[in-house]
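Visitor: sequence isn't available, so here's the structure alone:
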Ligand code: TRP
């Protein structure tokens, strides 16, 4: 039987190239393998940090639109909104009682957020328990995640094991499919990761051909003449070479050979073309979906309808095993 794959996409506002290569593209590639797939928009997870309520609904909806526009296919994957399936939260409560607070306060992401000045609300602390429930409510066996989520996934395994030991074998111990997200740096400051907070150096998936061209042309490089790949010494040009490599399924070394004798300006205009070619179908799909919101709503409803009976069955089993009536 096909293994069960579960993954959550956290809504994060306008997506950029780094997000795209890190999660969406991988999700689309994984669709070609034989898994039973559950993908949801992790709206509950996006409430743990301070946010504007007036912008939230749009952000959640557009994350779903972006996932579909990037090629996540409702015929191949069950796509839905996390909070539409109440069993995620119900199972979180059960798991809370077999999870130690000490373990949660040792989570790197939690510690980082608190160090950045976030008020440590209970939701922020409990974030990885909800994540375990997300996965295990579908008895997920494989979970595509970036490196930053490995510690959380390890906790999901601990929770599954603890539950099984105490209440009888119920859950698999989910394994990571590590998505190797390339470290895409800001075009404006190649020492920093690409992020929407430096928008000049950020390639948004919605940028037009003209904007892409301008941003790439203005990308910081150095005073050398030859294209090369040396992220330590020549971070600017190396970042551009890496982007080119990722989008054309080639390697930086191959590209350095290919562009031997070619100047920065010509390389940049070629790169802008490659980026636009990748983003264009996304932009077009996105526009179509935003013009047909009811279609998106229907896809999400159909996804929830497929996911719900699976989650309900797990929760019924859990209730029985833990002694609820
Ligand atoms: N925490 C994940 C992130 O920040 C998102 C997420 C929520 C998730 N629930 C999940 C990922 C379950 C995989 C499985 O990216």
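Guide: That came through fine. Note that the structure is predicted; figures quoted are calculated from it, not measured.
Visitor: got the buried residues for stretch 56-69?
Guide: The neighbour-count check on stretch 56-69 (16 or more other CB atoms under 10 Å) flags 59-69 as buried. Quick note: C-beta positions are derived from backbone N, CA and C, even for glycine.
Visitor: ugh, wrong one, I meant stretch 207-221
Guide: By neighbour count with 16+ other CB under 10 Å, stretch 207-221 contains the buried residues 207, 212-213, 215-216, 219-221.
Visitor: so how far is stretch 243-253 off the chain centroid?
Guide: Centroid separation for stretch 243-253 versus its chain: 21 Å, with CA atoms, centre = their mean, to the nearest Å.
Visitor: for it, which outside residues touch it?
Guide: Contacts of stretch 243-253 with the rest of the structure, by CB atoms under 8 Å, 6 or more residues apart in numbering, involve 17, 21, 182, 184, 229, 238, 241-242, 254-255, 258, 270-271, 274-275, 278.
Visitor: mean confidence for that stretch?
Guide: Mean pLDDT, computed over stretch 243-253, is 95.
Visitor: around the ligand, which positions in this structure sit nearby?
Guide: 6-8, 10, 42, 45, 131, 134-135, 143, 145, 149 (CB under 6 Å from any ligand atom).
Visitor: what about the residue in the chain positioned nearest to the ligand, how many neighbours?
Guide: In the chain, the residue found nearest to the ligand is residue 8; the distance is 2.9 Å by CB to the nearest ligand atom. Residues contacting residue 8 under the criterion other CB atoms under 10 Å number 23.
Visitor: the residue nearest to it when sequence neighbours are not counted: neighbour count?
Guide: Leaving aside its chain neighbours, residue 8 sits nearest to residue 42 (3.7 Å; criterion: CB to CB, 6 or more residues apart in numbering). Around residue 42 there are 23 other residues, counting by other CB under 10 Å.
Visitor: what residue lies at the spatial centre of the chain?
Guide: Against the mean C-alpha coordinate of the chain, by CA atoms, centre = their mean, the closest residue is residue 23 at 4.1 Å.
Visitor: let me know the distance separating that residue from residue 132.
Guide: In this structure, residue 23 and residue 132 are 19 Å apart, going by CB to CB, to the nearest Å.
Visitor: now the residue nearest to the centre of the chain. Nearest residue, chain neighbours left out?
Guide: With sequence-adjacent residues excluded and distances taken as CB to CB, 6+ apart, residue 23 is closest to residue 9, at 6.3 Å.
Visitor: residue 36 belongs to a helix?
Guide: No. Residue 36 is assigned strand when assessed by DSSP: H, G, I helix; E, B strand; the rest coil, not a helix.
Visitor: in the host helix or strand of residue 241, what's buried?
Guide: Per DSSP states H and E: residue 241 is located in helix 235-248. Within helix 235-248, the residues that qualify as buried are 235-247, counting by 16+ other CB under 10 Å.
Visitor: pick the one among the residues of the chain next to the ligand closest to residue 30.
Guide: The closest of these to residue 30 turns out to be residue 7 (CB to CB; 8.6 Å).
Visitor: mind pulling up the pLDDT for the closest one?
Guide: What the model reports as pLDDT for residue 7 is 96.
Visitor: I'd assumed it was in a strand, is it?
Guide: Yes. Residue 7: assigned to a strand according to three-state DSSP.
Visitor: in the stretch 101-250 of the chain, which spans are helices?
Guide: Assigned by DSSP state H, counting those that start in this stretch, the helices in the stretch 101-250 of the chain fall at 101-105, 108-115, 122-136, 150-167, 209-217, 235-248.
Visitor: looking at pLDDT only, which of the residues of the chain next to the ligand scores worst?
Guide: residue 145 (91).
Visitor: partner residues bridging that one?
Guide: With DSSP bridges as the criterion, residue 145 is bridged to residue 178.
Visitor: would you mind measuring from residue 142 to residue 33?
Guide: 10 Å.
Visitor: excluding sequence neighbours, find me the nearest residue to residue 66.
Guide: Excluding the flanking residues, the one nearest residue 66 by CB to CB, 6+ apart is residue 15, at 5.4 Å.
Visitor: and that neighbour, how many neighbours?
Guide: Residue 15 has 26 neighbouring residues, counting by other CB under 10 Å.
Visitor: correct me, but it touches residue 204?
Guide: Yes. The pair residue 15 / residue 204 is scored as a contact, 7.1 Å apart, by CB atoms under 8 Å.
Visitor: what segments of this protein are strands?
Guide: 3-9, 35-41, 77-81, 142-145, 175-178 (DSSP state E).
Visitor: dump the ones you listed to CSV, plus distance to residue 307.
Guide: Converted to CSV, these look like this (distance: least, CB to CB, whole Å):
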stretch, distance to residue 307
strand 3-9, 10
strand 35-41, 6
strand 77-81, 5
strand 142-145, 16
strand 175-178, 20
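Visitor: right, and the ones you listed - which one's nearest residue 112?
Guide: With CB to CB as the measure, strand 142-145 is the member of the strands of the chain nearest residue 112 (16.6 Å).
Visitor: just checking, what packs against that closest one?
Guide: For strand 142-145, the packing partners by 3 or more CB pairs under 8 Å, 6 or more residues apart in numbering; DSSP states H and E come out as strand 3-9, helix 25-30, helix 150-167, strand 175-178.
Visitor: nothing else from me, thank you.
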